[in-house]
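Student: Here is my input, please return the structure:
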Amino acid sequence: MVLAERLVVLYAKSGIGKTSLINAGLLKPLREKNFLPFRVTFTDPKVTPLRAVYSKITDIVEQYQVDHKPGEMRTLWQYFKTAEFWSYENILLTPVLILDQFEELFTLHSADERGAFITELADLVRGRIPKDLIDSLKSDERFPYGEKPPEIKVVISIREDFLGQLEEMSHQIPDILNKRFRLLSLQREQAREAVTKPAQVEDAEIHSAKFIYTPESVDAMLDFLCQQKGRDKITITDEVEPFQLQVLCQHIESAVLGKQKGEGSDLRVEKSDLGGEEGMQRVLKDFYNNQINQLGSFWVKTRVRRLFEDRLISDTNRRLSLEEEQIERKAKVPKRILSKLVDNRLLRAEPRVGSVYYEVSHDALIEPIRKAHRELKRKQYIIGGLILLPLLLLVVVPYVAITQYTAYREASEIRARINAFERDIPPPAGKPSENTAGKDDPVLAPTELRKFMGNHLRAMERGDMDTFLNDYSEKVDYLSAGVVSKDFIRKDKEYFNKRWPQRTYTIIGEVHTANTSYDDEKIVQFTYDYYVQRKDKSIKGTAKNSIRVKKIDNLLKIIEEKQEVVRRESE
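Tutor: Below is the predicted model:
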């Protein structure tokens, strides 16, 4: 639909997963089809909507190293009419403006800011030359642009309860609701596929190996997420909210990443791995705590916790609804924070009787919220005890000081005797002692390490991929990408070499080596100047590298590589 239409509206109830759909199912496929998506949000009331658009364009162009000709920032129509975006293969990219969480335009921004943005958006979507541009031309002045509208796609993602606001924009954008897509909750069997199929995907950009869920583990997850609390009993519905499913699946994938280090590639998620209903509640509790902790000051977090724990959950552990004005007046939680809690899937907003009512997004969060409250109370009691502790110390400090000093003297004497005894015992055959690790191993000698790194840079300079990749182990903690495979590094370097066909690297200063806590590993640190060039551009600079190497089958292999660019100049 996005490929076929100039404007598409994506809408759904709060918490269904619009942003997740955009991130997982729209951005990458668009980039693969020579489109350049810009996902823009209006969640910062201090940044005007127009400034948010231009800032996001700058961020994406820098992030994906897109060659572009900046447009004229007088209006959105003029910007996208004059801007050009080019891929590294010199293909002209079509911009896609994705306006996510569009409801924030109405809740967080003034009428003047909103009106100015909607006017420019309307001209862009309709391909209409802005009236101010026409009025600014002198009678004998030639129109400086072609009349063909800018090549662009626009996607508006908005909560279902704000569709009325889009209807009010129809006098400026008459076709605004003609092409729309409604995202619904997952049915149980759809949720089953959403759990099991992604786990079987093999992709170099995904750091975890393939794994499978047993049928029993999937049933346990879905039973937990389909629970609906009534007055007297818990019923199992046929609907699953995507966001809670996503939270559980992300936790499980993180656990799989940990297991695969020791168990190989045949991984299965058993029902017991979920920890039962209590374990899944703990995952949601951690999610709740993490979202609250991101809200800013201590006082804001405290008021939000009290809102959840004292006003939105009843004494019988049922969800309660509160009107927006009442929350602002009694709980002292402003609309801006409520909107953020909705975006983070902790609250659900529902318009009623000319206002907006808020409630906890799902029954599955009630018990985790209660547990988080109990744990916080326990911490408060501990802190209270710590405050009293100095008073007690004033009374007992002389006794404690003498006792600790005596114990310290005795422990020091014991440690000295143990150390003297251990020094007389030779290390086990074939394994150097800790304080002589690698000292007599010629493979790990400083001269060999310096030679290894020099040859590595030369291979990178020549584009000799086989020699270059042979220096890495099968799994590498690589730059900011985390633990990746050699295939991932190959694709990364092939892309870089294709983009910059001429490369020069020169080590400056000393190559420093350092021991680690492992006998067969060393850290190598050095600084080098680089110069890369293509037909239309060149870049030079300086970078600091920290490389961890390991002796594997009597050969040096890189197991970790970190880099900091300290200087960069374009020519």
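Student: Can you tell me the SS state at the closest residue to residue 334 other than its chain neighbours?
Tutor: Leaving aside its sequence neighbours, residue 334 sits nearest to residue 328 (Cβ to Cβ, 6 or more residues apart in numbering; 6.0 Å). All C-beta atoms are positioned from the backbone trio N, CA, C, and that covers glycine. Three-state call for residue 328 (DSSP: H, G, I helix; E, B strand; the rest coil): helix.
Student: wait, isn't residue 328 in contact with residue 339?
Tutor: No - checked against Cβ atoms under 8 Å, the pair residue 328 and residue 339 is beyond contact range at 11.9 Å.
Student: pretty sure residue 543 is in contact with residue 530, am I right?
Tutor: Yes - counting by Cβ under 8 Å, residue 543 does reach residue 530; the two are 6.3 Å apart.
Student: Give me the more crowded residue out of the two.
Tutor: A count of neighbours by other Cβ atoms under 10 Å puts residue 530 above the other of residue 543 and residue 530, at 20 against 16.
Student: show me what contacts that one?
Tutor: Applying Cβ atoms under 8 Å, 6 or more residues apart in numbering to residue 530 gives the contacts 503-506, 540-543.
Student: Which single one of the residues you listed is nearest to residue 243?
Tutor: Residue 243 has its nearest neighbour among the contacts of residue 530 in residue 543, at 39.8 Å by Cβ to Cβ.
Student: Is that closest one located within a strand, as I assumed?
Tutor: Yes - Residue 543 forms part of a strand when assessed by three-state DSSP.
Student: and residue 156, how many neighbours?
Tutor: For residue 156, using other Cβ under 10 Å, the count is 23.
Student: wait, doesn't it sit right on residue 2?
Tutor: No - counting by Cβ under 8 Å, residue 156 stays clear of residue 2, with 11.3 Å between them.
Student: residues shared between the contacts of those two?
Tutor: Here residue 156 and residue 2 have residue 8 as joint contacts, going by Cβ under 8 Å, 6+ apart.
Student: and the residue nearest to residue 334, how many neighbours?
Tutor: Residues lying near residue 328 (other Cβ under 10 Å) number 14.
Student: what's the answer for residue 39, then?
Tutor: 19.
Student: What's the mean pLDDT across the helix or strand harbouring residue 450?
Tutor: Secondary structure from DSSP states H and E places residue 450 in helix 446-462. The average pLDDT within helix 446-462 is 89.
Student: I'd like to know which elements whatever helix or strand residue 302 lives in is packed against.
Tutor: Following DSSP H and E, the helix or strand that holds residue 302 is helix 298-306. When contacts are defined as 3 or more Cβ pairs under 8 Å, 6 or more residues apart in numbering; DSSP states H and E, helix 298-306 sits against helix 276-293, helix 335-343, helix 366-423.
Student: In terms of mean pLDDT, which of those ranks lowest?
Tutor: Note on the helices and strands packed on helix 298-306: helix 366-423 shows the lowest mean pLDDT, a mean of 67.
Student: still on that earlier bit, of all the residues in the helix holding residue 450, which ones are buried?
Tutor: By neighbour count on 16 or more other Cβ atoms under 10 Å, the buried set for helix 446-462 is 448-450, 452-453, 456-457, 459-460.
Student: how about JSON lines for those, with distance to residue 80 added?
Tutor: Output for these, formatted as JSON lines (distance: Cβ to Cβ, whole Å):
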{"residue": "448", "distance to residue 80": "56"}
{"residue": "449", "distance to residue 80": "52"}
{"residue": "450", "distance to residue 80": "52"}
{"residue": "452", "distance to residue 80": "50"}
{"residue": "453", "distance to residue 80": "47"}
{"residue": "456", "distance to residue 80": "44"}
{"residue": "457", "distance to residue 80": "42"}
{"residue": "459", "distance to residue 80": "43"}
{"residue": "460", "distance to residue 80": "38"}
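Student: between these, which is closest to residue 554?
Tutor: Of all these, residue 554 sits closest to residue 448, with 11.6 Å by Cβ to Cβ.
Student: can you give me the strands in the stretch 151-300 of the chain?
Tutor: With DSSP state E, counting those that start in this stretch as the criterion, the stretch 151-300 of the chain has strands at 153-159, 180-182, 186-187, 211-213, 227-229, 234-236, 239-240, 267-269.
Student: What pLDDT does the model give residue 126?
Tutor: 92.
Student: That one and residue 555, how far apart?
Tutor: Separation of residue 126 from residue 555 (Cβ to Cβ, to the nearest Å): 64 Å.
Student: More neighbours: which of these two?
Tutor: Counted by other Cβ under 10 Å, residue 126 and residue 555 do not tie: residue 126 has more neighbours, with 17 against 13.
Student: residues contacting the residue lying closest to that one once chain neighbours are set aside?
Tutor: Setting aside the residues directly before and after it, residue 126 is nearest to residue 173 in space (Cβ to Cβ, 6+ apart), at 6.6 Å. The neighbours of residue 173, taking Cβ under 8 Å, 6+ apart as the test, are 7, 121-122, 125-126.
Student: re the thing from before, and which of the buried residues of helix 446-462 is nearest to residue 55?
Tutor: Residue 55 has its nearest neighbour among the buried residues of helix 446-462 in residue 460, at 34.2 Å by Cβ to Cβ.
Student: Which residue, neighbours along the chain excluded, lies closest to the closest one?
Tutor: Here the residue nearest residue 460, using Cβ to Cβ, 6+ apart, is residue 468, at 5.4 Å.
Student: Just list the residues touching that neighbour, thanks.
Tutor: Here residue 468 is in contact with 456, 459-460, 493 (Cβ under 8 Å, 6+ apart).
Student: Looking at these, spot the one nearest residue 362.
Tutor: Using Cβ to Cβ, residue 493 comes nearest to residue 362 of those, at 44.7 Å.
Student: Would you mind giving the secondary structure of that closest one?
Tutor: Here residue 493 is recorded as helix under three-state DSSP.
Student: The closest residue to residue 14 other than its chain neighbours and residue 562: what is the separation?
Tutor: Counting by Cβ to Cβ, 6+ apart, residue 348 is the residue found nearest to residue 14 once chain neighbours are left out, at 4.8 Å. Going from residue 348 to residue 562 by Cβ to Cβ gives 42 Å.
Student: Quick check: can you list the domain ranges of the protein?
Tutor: Domain assignment for the chain by automatic domain parsing gives 7-182, 186-274, 286-368, 442-570.
Student: mind putting these in a markdown table, distance to residue 387 included?
Tutor: Formatted as a markdown table, the domains of the chain follow (distance: least, Cβ to Cβ, whole Å):
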| stretch | distance to residue 387 |
| --- | --- |
| domain 7-182 | 38 |
| domain 186-274 | 35 |
| domain 286-368 | 16 |
| domain 442-570 | 39 |
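Student: Any idea which of those has the lowest pLDDT on average?
Tutor: Among these, domain 186-274 carries the lowest mean pLDDT, a mean of 77.
Student: List only buried entries from the contacts of residue 530.
Tutor: Buried among the contacts of residue 530 by 16+ other Cβ under 10 Å: 503, 505, 542-543.
Student: Next, format those residues as CSV and append distance to residue 74.
Tutor: Conversion of the buried ones among the contacts of residue 530 to CSV gives the following (distance: Cβ to Cβ, whole Å):
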residue, distance to residue 74
503, 40
505, 43
542, 39
543, 39
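Student: Quick check: of those residues, which lies closest to residue 66?
Tutor: residue 503 (20.8 Å).
Student: So the closest one, which state does it fall into?
Tutor: Of the three states, residue 503 takes strand according to three-state DSSP.
Student: Counting neighbours, what do you get for residue 60?
Tutor: Counted by other Cβ under 10 Å, the residues lying close to residue 60 total 19.
Student: Contacts for the helix or strand encompassing it, please.
Tutor: When elements are assigned from DSSP H and E, residue 60 belongs to helix 49-63. Identification of contacts with helix 49-63 by Cβ under 8 Å, 6+ apart yields 36-42, 44, 47, 66, 68, 73, 76, 79, 85, 97, 105, 109, 113-114, 116-117, 120.
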